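*Asks:* sequence first, predicted model second:
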Amino acid sequence: MAIKVTVCERPISETSYVRATFKGLALTLKHLVDPHKVTVQYPEEKWDIGPRWRGTHRMLTTEDGKAKCVACGLCPTVCPANCIKLVPGEDAEGNRYPLVFDIDEFRCIFCGYCQEVCPEEAIHLGRHYENAEYDRKSFVYDLERLTAQTHPVCEMWDPADPKGE
Amino acid sequence: MSEPKLINLTIEGRAVSVPEGTTILEAAKTAGVLIPHYCYHPGLPIAGVCRMCLVDVEKMPKLAPSCATTVGEGQVVHVYSEKALEARKGVLELLLINHPLDCPICDQAGECELQDYTFQEGRADSRYREPKRFTAAEDFGGDVLYVQNRCILCTRCVRFMDDVAEDTALCVQERGDRAGIGRSPNHGLTHAWASNVVDLCPVGALISKDFLNKARSWDLDRTASICPNCSQGCNITLETRDAVVVRMKPRSNTAVNQYYACDEGRLNYHWINRADRLETPVVAGRAVEWDVAIAAAAAALKGKKARVVASASLSNEALYLLKQVIGATGGSGAFRVMQGAEAPLAGVHDLALRADRAANATGAELLGFSRTDNPLAGIGSGDVLVLAGEECVGLDTTAFAAAAAVIVLGTAAPAQLPSNAILLPVANFAEEEGTFTNLRGRVQRFMQAKAAPGFARPTWSVLADLLAALGSKGNLASAESVFASLAGSEAPFGGMSYDTLALKGQIVTGAGVTA
């Protein structure tokens, strides 16, 4: 069976590309002179991140520079990704202290449960996102690295309104 | 003996029949209701001091302490009535007045009855605004550390020392909010069974120095086992964290050890974790595959007499298969038992840390091994020496040179082995399953708690392969089938199987003669 083809004839004003080209160029020209900028000039410029941003971890320390952690074991218990390795032990004064505290940031899902559960306010998620590394093993942060970091930490709740009312 | 009279009562809507004289608390257990309690313990005299077990009994004017109230015909007991819950909530609030909120650093957390019952029935917050009492922790001696801040004065420890250990080392000192547990004048907590107060303590007031800050209780894997440190055969729980044994706790068996375990037994577990283990089969100084090593051992045994020097801490299964090896080659078997001081627990019938510091000396005797002080004596020049679990520490090892060949089934190699020795790495008791026979002839099962290192295999499994290579036949594919074979051919073990042993064990036929 033969196929019947109908050819639509449209006026040249509708099919010409010249009009569309100038329309596009006009839009480009408008953005060239418009002061409203969308692109952030990363890494020279950086966006502000929210107070509840949950990035790679940080361990807070006491005045004498020791980790606040008492190795209670709540964070590895609550961690849904099973990314915290904790071996409890004692420090030189005989206080409970972590012998090993490793967080695998590759496994971490940044839920923030560890910060929420910590009774000593020791482990925190950081307001920080530049954490690229050259190899996989560098993503396992040990206690030394967790305590050495200085970036601001996540505010899980507003201190002025802790219950979120 | 006349049958005890049965009393019928109703607990939480469930009809219960218990013998006359039973307490409401014990009767409630049979109905599947655990009434919260601190001072009550089935192994100790009743004190009724904690007031935590108050229940509502119909027609009684006041709430009754269920640990000290015996059942009556037709009683109707409400454990969770509003009145009872309110009373127990009040008791908990008072207990928590001076109890520190240091659960994150307390070793008892996770197995603490104060934590559990507060979570179940206590208030969510405290109305107490004053500063809490603080007292420094005190070392009680032995393995026990006393943290008075956490103490709820249930006096379980005092009653254990007074009535079970019969050594009045502990008492309640001072009064009111200064009250605490103290050592009696001129007394240390040095009794050989003193560490049981750590298990008895319902809170974290008495804690083990050995276990201090080592692990959280919810991280531990628990395995039913038998204490390998003497011939009493106390039932224990091996607690492991990441395949490392961190604690041994007694497991209740009313026929053997009630609820208790001695200090020496429970603290002597570090050898289970030793790192210098034999991990690969070795023949003449070279690491080889298992089948090569088994073939070499079978070839060495062919046509020669096997002189087996066994450890008295091997399982019945391993000793039975060693007996088969002896039978196949016409040799003999001997063992020695390390000795130590005997330390009885006065308040419990027939319970002591025994002088024989090996778990299965009775089993070895029943299976025809001869007990001697020097099992290496009299090795003939044509004999093959088989060292099974015996490291020959303190023995004259010149016999090694006299033997035609030396086969070692062990966790570590003895010193001064000849260079052509055949080393077959085996699991220790925590890494395999099996049975021990205690000094009263009770055969009890123990389970595998952790994995064996490297290529090490259970002793019975290695011996089963060796027997197959020597030409004997039989189903020896599992510890259970080895035990079935043992029960089938050894009269004292007749009629036993892993199913009939269950967790309480069975006594061998004709026992009592070994006592």
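*Replies:* That came through, no problem. Numbers count the residues shown, from 1 in each chain, chains lettered A, B, ... in the order given.

*Asks:* tell me the contacts of residue 36?
*Replies:* By default, I'm working from chain A. For residue A:36, the contact set (C-beta atoms under 8 Å, 6 or more residues apart in numbering or on different chains) is empty. Where you see a C-beta, it was placed from the backbone N, CA and C, and this is true even at glycine.

*Asks:* meant chain B, my bad for not saying
*Replies:* Shown in contact with residue B:36 (C-beta under 8 Å, 6+ apart): B:52, B:53, B:88, B:113, B:117, B:120, B:121.

*Asks:* same thing but 10 Å
*Replies:* Listed by C-beta atoms under 10 Å, 6 or more residues apart in numbering or on different chains, the contact partners of residue B:36 are B:25, B:50, B:52-55, B:66, B:79, B:84, B:88, B:91-92, B:113-114, B:116-118, B:120-122.

*Asks:* then residue B:148?
*Replies:* Residue B:148 makes contacts with B:98, B:133-138, B:173, B:178-182, B:205, as judged by C-beta under 10 Å, 6+ apart.

*Asks:* what's the neighbour count on residue 118?
*Replies:* Just so you know, I chose chain A. 21 (other C-beta atoms under 10 Å in any protein chain shown).

*Asks:* let's do chain B instead
*Replies:* 19.

*Asks:* quick one: secondary structure of it?
*Replies:* Following DSSP: H, G, I helix; E, B strand; the rest coil, residue B:118 is assigned to helix.

*Asks:* which of the contacts of residue B:36 are buried?
*Replies:* Buried members of the contacts of residue B:36, counted by 16 or more other C-beta atoms under 10 Å in any protein chain shown: B:25, B:50, B:52-55, B:66, B:79, B:84, B:88, B:91-92, B:113-114, B:117-118, B:121-122.

*Asks:* for the stretch 201-350 of chain B, what lies in contact range of chain A?
*Replies:* Residues of the stretch 201-350 of chain B lying near chain A by C-beta under 10 Å from any C-beta of the partner chain: B:212, B:213, B:214, B:215, B:216, B:217, B:218, B:219, B:241, B:242.

*Asks:* now with 8 Å, please.
*Replies:* Taking C-beta under 8 Å from any C-beta of the partner chain as the contact definition, the stretch 201-350 of chain B meets chain A at B:212, B:213, B:214, B:215, B:216, B:218, B:219.

*Asks:* mind putting those residues into JSON lines with neighbour count, secondary structure and pLDDT?
*Replies:* Converted to JSON lines, those look like this (neighbours: other C-beta atoms under 10 Å in any protein chain shown; DSSP: H, G, I helix; E, B strand; the rest coil; pLDDT from 0 to 100):
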{"residue": "B:212", "neighbour count": "15", "secondary structure": "coil", "pLDDT": "93"}
{"residue": "B:213", "neighbour count": "20", "secondary structure": "coil", "pLDDT": "91"}
{"residue": "B:214", "neighbour count": "19", "secondary structure": "coil", "pLDDT": "91"}
{"residue": "B:215", "neighbour count": "21", "secondary structure": "coil", "pLDDT": "92"}
{"residue": "B:216", "neighbour count": "22", "secondary structure": "coil", "pLDDT": "92"}
{"residue": "B:218", "neighbour count": "11", "secondary structure": "helix", "pLDDT": "93"}
{"residue": "B:219", "neighbour count": "18", "secondary structure": "helix", "pLDDT": "92"}
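
*Asks:* one step back: closest to chain A among the contacts of residue B:148?
*Replies:* Using C-beta to the nearest C-beta, residue B:137 comes nearest to chain A of the contacts of residue B:148, at 10.0 Å.

*Asks:* give me the nearest residue to that closest one, chain neighbours excluded.
*Replies:* Nearest non-adjacent residue to residue B:137, counting by C-beta to C-beta, 6 or more residues apart in numbering or on different chains: residue B:147, 4.7 Å away.

*Asks:* the one you found: neighbour count?
*Replies:* The local packing count at residue B:147 equals 22, with neighbours defined by other C-beta under 10 Å.

*Asks:* what's the closest non-adjacent residue to residue A:157?
*Replies:* Residue A:157's closest residue in space is residue A:164 (C-beta to C-beta, 6+ apart), at 6.4 Å.

*Asks:* adding secondary structure and distance to residue B:292, write the contacts of residue B:148 out as TSV.
*Replies:* Formatted as TSV, the contacts of residue B:148 follow (DSSP: H, G, I helix; E, B strand; the rest coil; distance: C-beta to C-beta, whole Å):
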residue	secondary structure	distance to residue B:292
B:98	coil	67
B:133	coil	68
B:134	coil	66
B:135	coil	64
B:136	coil	62
B:137	coil	57
B:138	strand	59
B:173	strand	67
B:178	helix	71
B:179	coil	69
B:180	strand	65
B:181	strand	61
B:182	strand	64
B:205	coil	57
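
*Asks:* now rank those by neighbours and give me the top one.
*Replies:* For the contacts of residue B:148, the largest number of neighbours (other C-beta under 10 Å) sits with residue B:205, at 26 neighbours.

*Asks:* can you check the pLDDT for it?
*Replies:* We have a pLDDT of 96 for residue B:205.

*Asks:* now do the contacts for residue B:23.
*Replies:* Shown in contact with residue B:23 (C-beta under 8 Å, 6+ apart): B:46, B:66, B:67, B:68, B:69, B:70, B:71.

*Asks:* of these, just say which sits nearest to chain A.
*Replies:* Using C-beta to the nearest C-beta, residue B:67 comes nearest to chain A of these, at 32.6 Å.

*Asks:* just to revisit the earlier point, confidence score at the residue nearest to residue B:137?
*Replies:* We have a pLDDT of 95 for residue B:147.
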